[in-house]
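Student: Sequence first, predicted model second:
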Amino acid sequence: MSVDIGIDLGTASVLVYVKGKGVILKEPSVVAFDRDSNIIRAIGEEARLMLGRTPGNVVAIRPLRHGVISDYTVTEKMIKYFVQKAMGKRSFKKPRISICVPSGVTEVERKAVEEATYAAGARDVKLIEEPVAAAIGAGIDISKPCGTLLVDIGGGTTDVAVISLGGTVVSASLKLAGDDFDEAIVRYMKKKHNLLIGERTAEDIKIKIGTTYQMMEDEVMEVKGRNLVTGLPKVVTISSSETEQALRETTGQIVESIMNVLERTPPELSADILERGIVLTGGGAMLRGLEELIEERTGINTMTADEPMQVVAIGTGQYVEFMSGQKEY
Ligand SMILES: Nc1ncnc2c1ncn2[C@@H]1O[C@H](COP(=O)(O)OP(=O)(O)OP(=O)(O)O)[C@@H](O)[C@H]1O
């Protein structure tokens, strides 16, 4: 049995993997629609550009919050649009779709993802836990009875899981990830510089000079926003060591949840993890200094997977192939 496509339905972006072709679509999970007529105006990148810049009747929203569906109808339309875009005109046959969900979701939330995918036109739907997909996508052999600690930091959720024999042994799912790093920077700029900045500017700061570990060289960046005292536009220069201060508490919570999972891990698997190290995946894992911070606090070798933003989509698409290779007695 082979799956036609794998979807990483993320809070920040949707990625579509097609067997034999790889990841062929990556777009922001944003939908813009007319509030009066309920007509969808734009989906994906086009809609993202509208965020915060729409007239009163048009709203641009993210239909997923912290990895779960917050607006069912819009999510269904978004999945349908991306599936059609990925399949093109060449296929009349309904695709078989495997799609991932964060490890801590409830049965109701799983059902919502499954139903939205069927409603979007799937012939068959398979739900896969994000850390398992991330491990497969990162090229880790999870078929053996040997533990791997995987930390997937997306936009809205962080999944920490010990995986062995193709399944999750111990896990924790945190509703805090890359987007919360942006919010922490917004709060810091307000408090320290009396400057109001938007989420997109905060993300820019994070990607360009953000760090969560004191680095040798301090980079700086000019940031534009609104002076909270005068109400006028203002420019402030911010350094990477300031971002370290801004992000300390948020990244600290991720480290704490890793420690918590390690404390609950059976000893045999702990020994494996010490030997194999911790693997980071997801876009949020690209924040500079995270590897160093986790390594310092846990004492375990930590590395980020290649193409960290794509691994969940790749693993989701390859999951069924992986399972069919497993022995049965
Ligand atoms: N170079 C970078 N440095 C730091 N963070 C980055 C970088 N590139 C992307 N990000 C962050 O990665 C996050 C998105 O990651 P990803 O696409 O893996 O999430 P997602 O799968 O959509 O979310 P979730 O799994 O939580 O539903 C965003 O917060 C984004 O700002």
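Tutor: Structure's in. What do you need?

Student: Can you list the low-confidence ranges for this structure?
Tutor: Applying pLDDT under 70 to the chain flags residues 1-3, 89-92, 320-329.

Student: which ones are touching the nearest residue to residue 116 once chain neighbours are set aside?
Tutor: Nearest non-adjacent residue to residue 116, counting by CB to CB, 6 or more residues apart in numbering: residue 76, 4.3 Å away. Bear in mind the C-beta positions are built from the backbone N, C-alpha and C, glycine included. Counting by CB atoms under 8 Å, 6 or more residues apart in numbering, residue 76 touches 116, 119, 120.

Student: Verify the assumption that residue 76 is located in a helix.
Tutor: Yes: counting by DSSP: H, G, I helix; E, B strand; the rest coil, residue 76 is found in a helix.

Student: measure the residue in the stretch 201-329 of the chain positioned nearest to the ligand to residue 77 for me?
Tutor: Closest contact between the stretch 201-329 of the chain and the ligand, by CB to the nearest ligand atom, is at residue 283 (2.3 Å). From residue 283 across to residue 77, the span is 24 Å (CB to CB, to the nearest Å).

Student: Tell me how many other residues crowd the residue of the stretch 201-329 of the chain closest to the ligand.
Tutor: Applying other CB atoms under 10 Å, we find 21 residues neighbouring residue 283.

Student: again with residue 217
Tutor: So residue 217, with other CB under 10 Å, has 5 neighbours.

Student: Now name the helix or strand holding it.
Tutor: Assigned by DSSP states H and E, residue 217 belongs to neither a helix nor a strand.

Student: Assign the residue of the chain positioned farthest from its centre to helix, strand or coil.
Tutor: Most distant from the centre of the chain: residue 230, at 37.1 Å, with distances by CA atoms, centre = their mean. Put simply, residue 230 is coil when judged by three-state DSSP.

Student: and the gap between it and residue 194?
Tutor: Residue 230 sits 9 Å away from residue 194, going by CB to CB.

Student: quick one: buried residues of stretch 292-303?
Tutor: Buried positions in stretch 292-303, judged by neighbour count with 16 or more other CB atoms under 10 Å: 293, 294, 295, 298, 300, 302.

Student: among these, which two are most distant?
Tutor: The span of those, defined through CB to CB, is set by 293 and 300 at 12.1 Å.

Student: one step back: mind listing which of the buried residues of stretch 292-303 are in strands?
Tutor: Secondary structure defined by DSSP state E assigns residue 302 of the buried residues of stretch 292-303 to strands.

Student: Residue 52 contacts residue 198, correct?
Tutor: Yes: between residue 52 and residue 198 a contact is recorded at 6.3 Å, counting by CB atoms under 8 Å.

Student: Helices along the stretch 51-200 of the chain, start to end?
Tutor: Using DSSP state H, counting those that start in this stretch, the helices of the stretch 51-200 of the chain run over 72-87, 107-119, 130-137, 178-193, 199-209.

Student: Using the neighbour-count criterion, name the buried positions in the last one.
Tutor: Of the residues in helix 199-209, those buried under the neighbour-count criterion (16+ other CB under 10 Å) are 201, 202, 203, 204, 205, 206, 209.

Student: What of the fourth one?
Tutor: Residues of helix 178-193 classed as buried by neighbour count (16+ other CB under 10 Å): 178, 179, 180, 181, 182, 184, 185, 186, 188, 189, 193.

Student: Mind giving me the packing neighbours of that helix?
Tutor: Packing partners of helix 178-193 (3 or more CB pairs under 8 Å, 6 or more residues apart in numbering; DSSP states H and E): strand 195-196, helix 199-209, strand 233-239, helix 240-263.

Student: try 6 Å this time
Tutor: Counting contacts by 3 or more CB pairs under 6 Å, 6 or more residues apart in numbering; DSSP states H and E, helix 178-193 packs against helix 199-209, helix 240-263.

Student: now for these, which one comes closest to residue 151?
Tutor: The minimum distance between residue 151 and the helices and strands packed on helix 178-193 falls on helix 240-263, with 6.1 Å, by CB to CB.

Student: Helix 178-193 and the closest one, what's the angle between them?
Tutor: 140 degrees (axes from the mean of the first three to the mean of the last three CA atoms, to 10 degrees).

Student: contacting residues around whatever helix or strand comes next after helix 240-263?
Tutor: Downstream of helix 240-263, the first helix or strand assigned by DSSP H and E is helix 267-276. Applying CB atoms under 6 Å, 6 or more residues apart in numbering, the contact partners of helix 267-276 are 146, 147, 148, 149, 162.

Student: Stretch 29-46 now?
Tutor: Contacting residues not belonging to stretch 29-46 are listed as 13-14, 27-28, 47-48, 50, 57-60, 62-64, 74, 78, 81 [CB under 6 Å, 6+ apart].

Student: what's the spacing between that stretch and its chain's center?
Tutor: 22 Å (CA atoms, centre = their mean, to the nearest Å).

Student: mind saving the C-alpha coords of it as PDB?
Tutor: What follows is stretch 29-46 as a C-alpha-only set of coordinates in PDB (Å, rounded to 0.1, in the frame of the first residue of the first chain):
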ATOM      1  CA  SER A  29      -1.400  28.400   7.000                       C
ATOM      2  CA  VAL A  30      -3.300  31.600   6.500                       C
ATOM      3  CA  VAL A  31      -6.700  32.200   4.900                       C
ATOM      4  CA  ALA A  32      -8.200  35.600   4.100                       C
ATOM      5  CA  PHE A  33     -12.000  35.800   3.700                       C
ATOM      6  CA  ASP A  34     -14.800  38.300   3.400                       C
ATOM      7  CA  ARG A  35     -16.600  38.500   6.600                       C
ATOM      8  CA  ASP A  36     -19.900  39.700   5.000                       C
ATOM      9  CA  SER A  37     -20.200  37.200   2.200                       C
ATOM     10  CA  ASN A  38     -18.000  34.400   3.700                       C
ATOM     11  CA  ILE A  39     -16.200  34.200   0.400                       C
ATOM     12  CA  ILE A  40     -12.500  33.200   0.600                       C
ATOM     13  CA  ARG A  41     -10.300  35.900  -0.900                       C
ATOM     14  CA  ALA A  42      -6.900  34.200  -0.600                       C
ATOM     15  CA  ILE A  43      -5.100  31.200   0.800                       C
ATOM     16  CA  GLY A  44      -1.400  30.700   1.700                       C
ATOM     17  CA  GLU A  45       1.300  33.200   0.800                       C
ATOM     18  CA  GLU A  46      -1.100  35.600  -0.800                       C
END
